[in-house]
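> Here is the input, now give the coordinates:
(one chain, ligands or ions: 1)
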Amino acid sequence: MTALELLLKRFSNPNLTEPAPSGLVLENILDAAMAVPDHGALAPFDIKVIRGDGLHRLTESFVQATRATTQDTVKIEKAAKMAFRAPMIIVVSTRYQQHPKVPHHEQLITAGCALHAMQMACVAQGYQGMWRTGDFATYPEVKEALGVKECDQIAGFLYVGSSAREIPEKRRKDFEQRVTIWE
Ligand SMILES: Cc1cc2nc3c(=O)[nH]c(=O)nc-3n(C[C@H](O)[C@H](O)[C@H](O)COP(=O)(O)O)c2cc1C
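Numbers count the residues shown, from 1 in each chain. Got it, this is the predicted structure:
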């Protein structure tokens, strides 16, 4: 796969199973996060790789957070299953820093770039991923369990694994709808 093919053909796959990336492949994924555009070289994000028993720990926080908002047993049971939609979840959260030239929104963009770069590195190496947020990204119980400060944000949960089911190639939107050219 060429770099251009990766850019043009990348897609998300919600159907993920074992194996998750490990060893050098995982290191490449994490290195990709460290290679993103980063104004001021602040590395304004933290990354947590969650697998194995870690998924159970994450689930405890998902369930606790859901219980704090509802008594609906269907929703609570659903929350208990969410983290097991992939064998690995990579969480990216901001590590905001005060900087005279780099406002927080630029730091959040860098965190998003890190997440996207990791998804690309997964696809480039034969794995797949899906960027998810949802309520769990904002619940204080989940942030606390992950050690994310109140003032920081979870940019996303990158669900990672191998394809359990191929998904049909997507037709991408035409760039003409979004692009104007000044000349
Ligand atoms: C910041 C962000 C948060 C997202 N959160 C969710 C989510 O919680 N659930 C979901 O189904 N898709 C979510 N998505 C969208 C998917 O990651 C994916 O991009 C979308 O399904 C389109 O698929 P594609 O990447 O193959 O084009 C999110 C995307 C971004 C950029």
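
> and this protein, which residues reach the ligand?
11-12, 130-134, 156, 170 (CB under 6 Å from any ligand atom). Where C-beta positions appear, they are placed from N, C-alpha and C, glycine not excepted.

> and the most centrally placed residue in the chain, bridged to which residues?
Nearest to the mean C-alpha position of the chain, by CA atoms, centre = their mean, lies residue 158 at 2.8 Å. On the basis of DSSP bridges, residue 158 is bridged to residue 90, residue 131.

> Tell me the spacing between it and residue 179.
28 Å (CB to CB, to the nearest Å).

> related to what we said a few turns ago, please identify which of the residues of the chain next to the ligand is nearest to residue 83.
For those, the minimum distance to residue 83 (CB to CB) is 10.5 Å, reached by residue 132.

> So that closest one sits against residue 154, correct?
No. With contact defined as CB atoms under 8 Å, residue 132 does not reach residue 154; the gap is 10.4 Å.

> Give the full set of residues in contact with the residue nearest to the centre of the chain.
89-92, 115, 118-119, 122, 129-132 (CB atoms under 8 Å, 6 or more residues apart in numbering).

> For it, report the pLDDT, please.
The model reports residue 158 with a pLDDT of 98.

> ok, residues contacting the worst-scoring helix or strand of the chain on mean pLDDT?
Counting by mean pLDDT, DSSP states H and E, the weakest-scoring helix or strand in the chain turns out to be helix 3-9, with a mean of 94. Under the contact criterion CB under 8 Å, 6+ apart, helix 3-9 has outside partners 1, 120, 123-124, 169, 172.

> And the buried ones among those residues, selectable in PyMOL?
PyMOL command restricting the contacts of helix 3-9 to the buried ones, with burial defined by 16 or more other CB atoms under 10 Å:
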select buried, resi 120+123+124
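
> Narrow the contacts of helix 3-9 to those in helices?
Those of these mapping onto helices are 120, 123-124, per DSSP state H.

> which one among those residues gets closest to residue 17?
residue 123 (15.8 Å).

> Measure how buried the closest residue in space to that closest one that isn't next to it in sequence is and give me the count.
In space, and not counting its chain neighbours, residue 123 is closest to residue 10: 5.4 Å by CB to CB, 6 or more residues apart in numbering. As a burial measure, residue 10 scores 17 neighbours (other CB atoms under 10 Å).

> just residue 156 next, same as before
Applying other CB under 10 Å, I find that residue 156 has 24 neighbouring residues.

> so who does the residue nearest to residue 49 when sequence neighbours are not counted touch?
Counting by CB to CB, 6+ apart, residue 90 is the residue found nearest to residue 49 once chain neighbours are left out, at 5.4 Å. Residue 90 makes contact with 29, 47-50, 115, 118, 157-158, 160, according to CB under 8 Å, 6+ apart.
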